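Quick one, fold the following:
(one chain, ligands or ions: 1)
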Amino acid sequence: MKNKIDKIKDLALKEISKARNLADLEKLRVKYLGRKSELTNVLRGVKNLSKNERKEVGEMANKLREEMDENIKHQVVNIKRRESGDVKEKEKIDVTYPGRKISKGHLHPLTQVRYEIEEIFKSMGFLTVDGREVEDEFHNFDALNMPKNHPARDMQDTFWLKNGCVPRTQTSSVQIRFMKENKPPLRIVSIGRVYRNENSDATHDFNFNQIECLMVDESGKITVAHFKSVVSEFMKGLFGKETKTRLRPSYFPFVEPGFEFDASCPYCKGRGCRICKGTGWIELGGAGMVNQKIFTSVGFSEDKYEGFAFGFGVERMAMIKYGIDDTRLFYGGDLRFLEQF
Ligand code: DAH
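Numbers count the residues shown, from 1 in each chain. So this is what the prediction gives:
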């Protein structure tokens with residue numbers, strides 16, 4: 001019997017000291033101290049022993065019971081201590097480890113071009129002003145010398161709202177709003193969305209952004225030369241120092257005389273290529289000396305002031321600047337496109 005207890009003791013204490021987790025330890029507790037354990041069996045048999053043996057074996061078995069119990073408790077503490085050590089090790093914070101980069105978005109290419117354009121005009125002393133996207137007929141057409149039934153209205157096929165207003169077809173309406181509130185001298189630029197009843201294709205959309213520029217002072221102070229110098233300076237700022245500008249006669253109801261202006265192709269430097277369709281020039285916008293009718297429509301006396309105005313599309317500028325061949329890409333939301341800028 002005593003031998004048996006010694007054997008149990010050797011094995012049990014060895015196994016308990018080797019247990020690596022609480023689940024294994026619990027199994028050992030059942031194995032050595034449970035109701036079906038060998039030691040319990042020994043204790044059950046004690047009553048059949050002689051009186052002397054009974055005392056000795058009983059004491060030995062009980063002592064071992066206590067010892068195993070002690071050792072198990074001790075081992076629980078060891079295992080827990082080690083496990084919490086592991087967690088500390090795993091969750092250790094290395095303050096010298098480089099941070100994870102948060103991926104940042106960026107401005108839409110049209111917004112980038114818009115800011116660039118505004119910066120160039122700002123450097124020439126132009127004030128950036130806001131307009132309205134929904135305009136009444138007076139500010140969008142009549143005050144710009146495009147009365148009802150004027151054939152020029154056909155150039156801007158229009159969406160009409162039920163209340164008779166229009167999603168503005170041109171940012172030129174900003175001229176009227178600004179001059180109603182402010183007297184010359186003035187230098188303003190306004191950028192924003194315009195809407196036209198167009199079918200979308202590679203170079204047209206029902207919605208696009210336009211820039212309107214206006215400079216006015218007393219009669220005799222502003223000439224076509226000023227216009228040409230402002231527009232050339234702008235082109236050089238946007239497309240590069242070597243860019244040339246040319247004017248061609250044209251018609252717009254709100255200017256007299258009117259022009260269209262072209263820039264030398266920034267790709268072939270005027271030699272002729274696919275982008276400029278072999279002409280060396282790229283058509284950019286409309287312009288002219290402000291028609292006196294515009295001044296009278298905002299309440300100025302005739303011939304008191306003179307000035308120039310010009311307008312062009314932001315998408316077109318961005319397409320030329322970045323070599324983009326389809327305006328619809330700007331509004332498609334395709335990240336493969338947008339991430340290139
Ligand atoms: N508003 C014109 C358009 O949408 C562009 C334009 C032409 C603006 C001549 C002007 C200008 O200021 O003088 O087609």
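
how near is residue 322 to residue 338?
Noted for residue 322: a distance of 12 Å to residue 338, by CB to CB, to the nearest Å. From N, CA and C alone the C-beta is placed, and that goes for glycine too.

which residues are in contact with both of these two?
Jointly contacting residue 322 and residue 338 under the rule CB atoms under 8 Å, 6 or more residues apart in numbering are residue 109.

which of those two has more neighbours?
residue 338 (16 against 12; other CB atoms under 10 Å).

wait, the more buried one sits on residue 108?
Yes. Using CB atoms under 8 Å, residue 338 makes contact with residue 108 at a distance of 6.8 Å.

Return the residues of this protein in contact with the ligand.
170, 172, 212, 252, 254, 255, 286, 287, 288, 309, 310, 311 (CB under 6 Å from any ligand atom).

In CSV, list those residues along with neighbour count.
Output for those, formatted as CSV (neighbours: other CB atoms under 10 Å):
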residue, neighbour count
170, 23
172, 29
212, 24
252, 24
254, 23
255, 25
286, 20
287, 25
288, 24
309, 25
310, 26
311, 23
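
show me where the stretch 151-300 of the chain has strands.
According to DSSP state E, counting those that start in this stretch, the stretch 151-300 of the chain carries its strands in the segments 166-167, 186-195, 207-218, 245-250, 255-264, 281-290.

In the longest one, which residues are buried?
Residues of strand 207-218 classed as buried under the neighbour-count rule (16 or more other CB atoms under 10 Å) are 208, 209, 210, 211, 212, 213, 214, 215, 216.

what residues are up against the first one?
The contact partners of residue 208, by CB under 8 Å, 6+ apart, come to 193, 194, 196, 313, 314, 315, 327.

run the last query once more with 10 Å
Counting by CB atoms under 10 Å, 6 or more residues apart in numbering, residue 208 makes contact with 110, 193-196, 198, 313-316, 327, 330-331.

circling back to that earlier point, now the residues of the chain next to the ligand in TSV, with pLDDT?
TSV is the format used below for the residues of the chain next to the ligand (pLDDT from 0 to 100):
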residue	pLDDT
170	96
172	97
212	97
252	96
254	97
255	98
286	97
287	98
288	98
309	98
310	98
311	97
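
For the residues you listed, could you give me a markdown table that also reports distance to residue 136?
Converted to a markdown table, these look like this (distance: CB to CB, whole Å):
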| residue | distance to residue 136 |
| --- | --- |
| 170 | 14 |
| 172 | 14 |
| 212 | 17 |
| 252 | 20 |
| 254 | 17 |
| 255 | 22 |
| 286 | 22 |
| 287 | 25 |
| 288 | 24 |
| 309 | 20 |
| 310 | 24 |
| 311 | 19 |
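
ok, the residues you listed vs residue 119, which is closest?
residue 212 (16.9 Å; CB to CB).

Does the closest one touch residue 171 like I think?
Yes. At 3.9 Å, residue 212 and residue 171 qualify as touching, with contact defined as CB atoms under 10 Å.

list residues touching both of the two?
131, 189, 190, 191, 192, 194, 311, 312.

Perfect, I'm done here.
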